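Enquirer: Sharing a model prediction with you, sequence too.
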Amino acid sequence: MSYAIIRNEKYTKDKLIQISPHNERLKKLYSNKNIDKAKTSQNYHIKKPKENNYLKEFKRLKEQNNLKGQIHKNSIYVCEMIVTSDNKFFETIGKEEMKRYFYESYKFIASYKYLGEENIISAVVHLDEKTPHMHLVFIPVVNSTDKDKNKIRKISNSEFWTKMMKRFLT
């Protein structure tokens, strides 16, 4: 029996800078030997970043969406969900259903109460590795209030995941 798999990672500024070239396939050489460069052209975006790297896209979205919060070098800037299953599952459902699987996964995650499509930096499907998977990179944003009790949207990894877990457990 196959299962949907979602793994979450948290990234600081330095790590954010490193994942962009890998996810967007901007490098010439990769340490990951599972990448078949002959298949890289089969990769596709569900949401493509407007900027050419994730740090620039983070800054653009932070400004565009008027996101608040204290961001330091060691702060968590983004999270990344990797959505996949096993090869047998993808072989059984075929290419069209696989594409639908990733689009539906994206829509489910993007529409989730605490995430929002406006906070997604990139969603790219990799078909050039051993197992198809989607990298979905997003900014962890929460609804909050400032010191004057004005409603704000702020970047806060800890509050984001606390609210997510409370929602799952209730």
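Expert: That came in fine, so what should we check first? Numbering: from 1, shown residues only.

Enquirer: CA atoms only for stretch 3-14, dumped as PDB, please.
Expert: C-alpha atoms of stretch 3-14 as PDB (Å, rounded to 0.1, in the frame of the first residue of the first chain):
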ATOM      1  CA  TYR A   3       1.100   6.500   1.300                       C
ATOM      2  CA  ALA A   4       1.400  10.200   0.600                       C
ATOM      3  CA  ILE A   5       4.500  11.600   2.300                       C
ATOM      4  CA  ILE A   6       5.100  15.200   3.400                       C
ATOM      5  CA  ARG A   7       8.300  16.100   5.000                       C
ATOM      6  CA  ASN A   8       8.900  19.600   6.500                       C
ATOM      7  CA  GLU A   9      12.200  21.400   6.800                       C
ATOM      8  CA  LYS A  10      13.000  24.800   8.300                       C
ATOM      9  CA  TYR A  11      15.700  27.100   6.800                       C
ATOM     10  CA  THR A  12      17.700  30.000   8.000                       C
ATOM     11  CA  LYS A  13      19.000  32.700   5.600                       C
ATOM     12  CA  ASP A  14      22.200  30.800   4.800                       C
END
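
Enquirer: Buried ones in it, by neighbour count?
Expert: Residues of stretch 3-14 classed as buried: Y11, T12, K13 (neighbour count, 16 or more other Cβ atoms under 10 Å). Glycine gets a C-beta too; all of them are placed from N, C-alpha and C.

Enquirer: now that stretch: mean pLDDT?
Expert: The average pLDDT for stretch 3-14 rounds to 90.

Enquirer: Residues in contact with that stretch: which ones?
Expert: 19, 55, 73-86, 105, 157 (Cβ atoms under 8 Å, 6 or more residues apart in numbering).
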